[in-house]
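Trainee: what shape does this take:
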Amino acid sequence: MILLGLANITLILSFALICARLANGSFPNPRTLWPQIRKDRTALFLLIALVGGGIVDIVQIHYDDLLTRALALDFTPHIERIEKGVVVTLQSYFDHPIIVGILSFAYIISFPGLLVGMILATATAPGPDRTRLAHALLAYALNYALVLPFYFLFPVNEPWSFPGSGVRPLLEETLGPAFMESIRPFSGINNCFPSYHVSLSVTLALVALETRTPVGTFAAINAILIAASTVVLGFHWVIDVIAGILFGVFAYYLTRRLFPFPKSDTAFPDSPSR
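Mentor: Numbering: from 1, shown residues only. This next block holds a predicted model:
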């Protein structure tokens, strides 16, 4: 399991470097990366918020289960009744080893890799590209802030876990139950609506498209694969995906309003000129 975890981290970081290369034409210099972020108070604050968000997510999942049991809330039957076997039908069409492998890679590797890659690509860039650092990091925080209330007050279980749904846990069948147990602390089984994977991947795709580089096209394709993977692998209902797309677009809109591109391309917003 330790070797599997190290392999995943290596793939994610490698993927992040490729994304950074596509975004700005060169690999980030690790010697200047941290000094640049450290000198920029806004970037440093957003980076701390990014790390803090991961910690909050783990805590949220723990207390989310307690609150759900206390309130006896479960909207899964309503979602299942509306969709009437749509997820099962989609799984039957796309249940092929190659397709499942591609979607599993997108879900596990390219999703976090793109987020890290966008940060690496913009952390040391000048002008408007520095603003994209704020866009990438703030998008992460805003997406989570928007979906969090729903995870507490509108719990929906993953399709494969709902009795009688007929949905198969294809990722678990592919990589084994041990892998699923390792990622479960970061992914609550009743945190389905809306899909955070889809929401953040849509926002990141819109941020990446700002660069007008190949990474934008890649991010858009990646968002499509993420949306497909969440359903085909059995993690989300179609309604979750639709809601995730809407939340992602809205989070991007808020991001642009809170951190508009500066009129001058010489400084990062709210930061001293360098």
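Trainee: for stretch 239-248, buried residues please.
Mentor: 239, 240, 241, 243, 244, 245, 247, 248 (16 or more other CB atoms under 10 Å). All C-beta spots, glycine's among them, are computed from the backbone N, C-alpha and C.
Trainee: just the C-alpha atoms of that stretch, please, in PDB.
Mentor: These are the backbone C-alpha positions of stretch 239-248, laid out as PDB (Å, rounded to 0.1, in the frame of the first residue of the first chain):
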ATOM      1  CA  ILE A 239     -27.700  15.000 -11.400                       C
ATOM      2  CA  ASP A 240     -24.500  15.500  -9.300                       C
ATOM      3  CA  VAL A 241     -22.500  16.100 -12.400                       C
ATOM      4  CA  ILE A 242     -24.900  18.700 -13.800                       C
ATOM      5  CA  ALA A 243     -24.900  20.500 -10.500                       C
ATOM      6  CA  GLY A 244     -21.100  20.300 -10.400                       C
ATOM      7  CA  ILE A 245     -20.800  22.000 -13.800                       C
ATOM      8  CA  LEU A 246     -23.100  24.800 -12.700                       C
ATOM      9  CA  PHE A 247     -21.200  25.300  -9.400                       C
ATOM     10  CA  GLY A 248     -17.900  25.300 -11.300                       C
END
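Trainee: how far is that stretch from where the chain is centred?
Mentor: 12 Å (CA atoms, centre = their mean, to the nearest Å).
Trainee: quick one: average pLDDT of whichever strand or helix holds residue 68?
Mentor: For residue 68, the host element (DSSP states H and E) is helix 41-71. For helix 41-71, mean pLDDT is 69.
Trainee: give me the next element, helix or strand, following it.
Mentor: helix 76-83.
Trainee: only the buried residues of that following helix, if you could.
Mentor: For helix 76-83, a neighbour-count test (16+ other CB under 10 Å) marks 76, 79, 80, 83 as buried.
Trainee: just the residues contacting it, thanks.
Mentor: Identification of contacts with helix 76-83 by CB atoms under 8 Å, 6 or more residues apart in numbering yields 155-157, 159, 162, 165, 190, 192-193, 237-240.
Trainee: which one of those residues sits closest to residue 254?
Mentor: For those, the minimum distance to residue 254 (CB to CB) is 19.8 Å, reached by residue 193.
Trainee: make sure the closest one is indeed in a helix.
Mentor: No. Under DSSP: H, G, I helix; E, B strand; the rest coil, residue 193 falls outside any helix and is assigned coil.
Trainee: and residue 90, how far is that from residue 154?
Mentor: Residue 90 sits 23 Å away from residue 154, going by CB to CB, to the nearest Å.
Trainee: now, of the contacts of helix 76-83, which are buried?
Mentor: The neighbour count (16+ other CB under 10 Å) marks 155-157, 159, 162, 165, 190, 192-193, 237-240 as buried among the contacts of helix 76-83.
Trainee: dump those residues to CSV, plus secondary structure and pLDDT.
Mentor: CSV is the format used below for those (DSSP: H, G, I helix; E, B strand; the rest coil; pLDDT from 0 to 100):
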residue, secondary structure, pLDDT
155, coil, 87
156, strand, 90
157, coil, 90
159, helix, 92
162, coil, 88
165, coil, 85
190, coil, 83
192, coil, 88
193, coil, 91
237, coil, 95
238, helix, 96
239, helix, 96
240, helix, 96
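Trainee: reformat those residues as JSON lines; add distance to residue 52.
Mentor: Below are the buried ones among the contacts of helix 76-83 laid out as JSON lines (distance: CB to CB, whole Å):
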{"residue": "155", "distance to residue 52": "24"}
{"residue": "156", "distance to residue 52": "26"}
{"residue": "157", "distance to residue 52": "27"}
{"residue": "159", "distance to residue 52": "31"}
{"residue": "162", "distance to residue 52": "32"}
{"residue": "165", "distance to residue 52": "35"}
{"residue": "190", "distance to residue 52": "23"}
{"residue": "192", "distance to residue 52": "24"}
{"residue": "193", "distance to residue 52": "24"}
{"residue": "237", "distance to residue 52": "29"}
{"residue": "238", "distance to residue 52": "32"}
{"residue": "239", "distance to residue 52": "30"}
{"residue": "240", "distance to residue 52": "25"}
